[in-house]
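Trainee: got a structure for you, letters missing:
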Ligand SMILES: [Ca+2]
Ligand SMILES: [Ca+2]
Ligand SMILES: [Ca+2]
């Protein structure tokens, strides 16, 4: 136990890619999020969202604010941007939902820029911010993600 704790650090965090992808999927189903999720029990999905939420909540106050959202999105974006040209191609995203890609790709040029991703994420963020305090709690984020998935159908 002691060795494991030392090896993993005080607080285990998912990798940047996982965090970016999972939070994106939950929050707005944008960019990184386009990665297909392996079929998993609902409990697994919940745990994964929880980990992603905690990773994005860098000050640990239990809320994701816009700065934290942006930081998390930037990490997720650059992790996916394998060739570092600041654009995400369909190939770089791997398996993803093409309809979702099209919704994020505002200028329809077939690649996603960070501003396109952020515009989509912020829209999802604001829609999910039910009490309008400029930050999302975990439950707000989950509810927003569920709503978005419904709308995407
Ligand atoms: Ca926070
Ligand atoms: Ca790229
Ligand atoms: Ca584009």
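Mentor: Nice, I can see it. These figures come from a predicted structure and were not determined experimentally. Ligands and ions are numbered 1, 2, ... in the order given.

Trainee: ok so residue 130 is a strand residue?
Mentor: No - using DSSP: H, G, I helix; E, B strand; the rest coil, the assignment for residue 130 is coil, not a strand.

Trainee: Go ahead and confirm it touches residue 142.
Mentor: No - with contact defined as Cβ atoms under 8 Å, residue 130 does not reach residue 142; the gap is 11.6 Å. (Glycine included, C-beta is placed from N, CA and C.)

Trainee: For those two, indicate the residue with more neighbours.
Mentor: Each of residue 130 and residue 142 has its neighbours counted (other Cβ atoms under 10 Å); residue 142 has more, 19 against 12.

Trainee: what about residue 51, distance to residue 122?
Mentor: Per Cβ to Cβ, to the nearest Å, residue 51 is found 23 Å from residue 122.

Trainee: For residue 63, report the pLDDT, please.
Mentor: On the pLDDT scale, residue 63 is placed at 97.

Trainee: so the nearest residue to it once chain neighbours are set aside bridges to which residues?
Mentor: Computed as Cβ to Cβ, 6 or more residues apart in numbering, the closest residue to residue 63 that is not its neighbour in sequence is residue 135, at 3.9 Å. Taking DSSP bridges as the rule, residue 135 bridges to residue 65.

Trainee: Start at 241, not 1
Mentor: Got it, first residue is 241 now, which makes that one residue 375.

Trainee: Could you count how many residues lie near residue 375?
Mentor: Counted with other Cβ under 10 Å, residue 375 comes out at 20.

Trainee: cool, residue 340 as well?
Mentor: 21.

Trainee: isn't it right up against residue 392?
Mentor: Yes - at 6.5 Å, residue 340 counts as touching residue 392 under the criterion of Cβ under 8 Å.

Trainee: Kindly report the residues of the chain close to ligand 1.
Mentor: Within the chain, the positions adjacent to ligand 1 are 297, 299, 301, 303 by Cβ under 5 Å from the ion.

Trainee: got a list of contacts for stretch 372-381?
Mentor: Applying Cβ atoms under 8 Å, 6 or more residues apart in numbering, the contact partners of stretch 372-381 are 263, 266-267, 289-290, 293, 302-306, 309, 365, 368-371, 384.

Trainee: Surely residue 303 is in contact with residue 293?
Mentor: No - counting by Cβ under 8 Å, residue 303 stays clear of residue 293, with 9.7 Å between them.
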